[in-house]
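# Take this sequence and fold it.
(2 chains)
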Amino acid sequence: DTAVSQTPKYLVTQMGNDKSIKCEQNLGHDTMYWYKQDSKKFLKIMFSYNNKELIINETVPNRFSPKSPDKAHLNLHINSLELGDSAVYFCASSQTGPISYGYTFGSGTRLTVV
Amino acid sequence: QKEVEQNSGPLSVPEGAIASLNCTYSDRVSQSFFWYRQYSGKSPELIMSIYSNGDKEDGRFTAQLNKASQYVSLLIRDSQPSDSATYLCAVQGGSEKLVFGKGTKLTVNP
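Take a look at the predicted model:
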C-alpha cells in the first residue's frame, strides 16, 4: 500500500529519556514534515526536509533533532524528554511543484512522558 | 497574530442539514487552500482543495474561496453522523509550509 508510515504508534517513556520516531513514505514525494498536535488538537509544523535538505525549522527546542537519510525517510530524535513533549507527532509528505496537492499524513505517534 | 482562524465550535447539526464551516487567513499571498477531516484518534485526511475564487463541489462537499476577504468555507450537504469529526482548514503560501487552523469540531445528530 502506498502510504506514510510511522513507528512506533504509541510511546510511553520517563522524563529525561531519549527516544526516536521513524517515518517512511513510498509515495515518491520529495518533501517530508514533522508536525506536533497538542492536547487542544492544534497542528503545528516543526520541521521540513526537501530531498534530504532541511528547509523549515520552526521554533523548536534543540532537544528535537530531525534526520533524513534519504528523501523517503525522516526520523525525529528527542533528547531529555520533558512532560510538555507529550503530544501526537505526525509525519507528512508532499510533492513540490507549480500546484500543491496538500500533504499526506502518517497515522501519528502518541508520545506520553511520565 | 494568528495566521489561520476557525470557529472552534463545537458545531452541532441534525442529520440531513447543511453544515457550514468557516476559516479566515492573514497571509495575502496564500495560494492553496485545503480542508482536512480528522476523526478522533486518527490522522488528518484531505477532503477538499481549492485554489481560485469561487466554489468547488465534490459530492456533498463544497469549498468556497474569497481571496479579497481572505475567507475559505466548507459546506457539507445532507450531513450524516459519519461526518462527525474535527475539520481543519489549512493554508499554503509561498513556501511549502501548510499552516493549520485549530479546527472546528462537528457533531451530526441522528
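# Dihedrals phi and psi, residue B:81?
With angles defined as degrees, to the nearest 10, residue B:81 shows backbone torsions of phi -50, psi -30.
# That one reaches residue B:19, doesn't it?
No - counting by Cβ atoms under 8 Å, residue B:19 is not a contact partner of residue B:81; they are 11.8 Å apart. (Glycine included, C-beta is placed from N, CA and C.)
# Which of the two has more residues huddled nearby?
Legend: neighbour count by other Cβ atoms under 10 Å in any protein chain shown for residue B:81 and residue B:19, higher for residue B:19 (23 against 10).
# how near is that one to chain A?
Note on residue B:19: its distance to chain A, by Cβ to the nearest Cβ, to the nearest Å, is 18 Å.
# in the chain, which spans are strands?
Just going to use chain A. A:4-7, A:10-13, A:19-25, A:31-37, A:43-50, A:53-57, A:64-70, A:73-78, A:87-94, A:104-105, A:109-113 (DSSP state E).
# my bad, the chain I had in mind was chain B
With DSSP E as the criterion, chain B has strands at B:4-6, B:11-14, B:19-25, B:32-38, B:45-50, B:54-58, B:61-66, B:71-76, B:85-92, B:98-100, B:104-109.
# and residue A:68, which of these is closest to it?
Residue A:68 sits nearest to strand B:98-100 of all the strands of chain B, at 18.2 Å, using Cβ to Cβ.
# Tell me the helices and strands packed up against that closest one.
Where contact means 3 or more Cβ pairs under 8 Å, 6 or more residues apart in numbering or on different chains; DSSP states H and E, strand B:98-100 is packed against strand A:43-50, strand B:85-92.
# Quick check: buried residues in the first one?
Read that as strand A:43-50. Of the residues in strand A:43-50, A:43, A:45, A:46, A:47, A:48, A:49, A:50 count as buried by neighbour count, 16 or more other Cβ atoms under 10 Å in any protein chain shown.
# Throw the residues you listed into JSON lines and include distance to residue A:94, thanks.
As requested, these are exported to JSON lines (distance: Cβ to Cβ, whole Å):
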{"residue": "A:43", "distance to residue A:94": "14"}
{"residue": "A:45", "distance to residue A:94": "12"}
{"residue": "A:46", "distance to residue A:94": "15"}
{"residue": "A:47", "distance to residue A:94": "14"}
{"residue": "A:48", "distance to residue A:94": "9"}
{"residue": "A:49", "distance to residue A:94": "11"}
{"residue": "A:50", "distance to residue A:94": "10"}
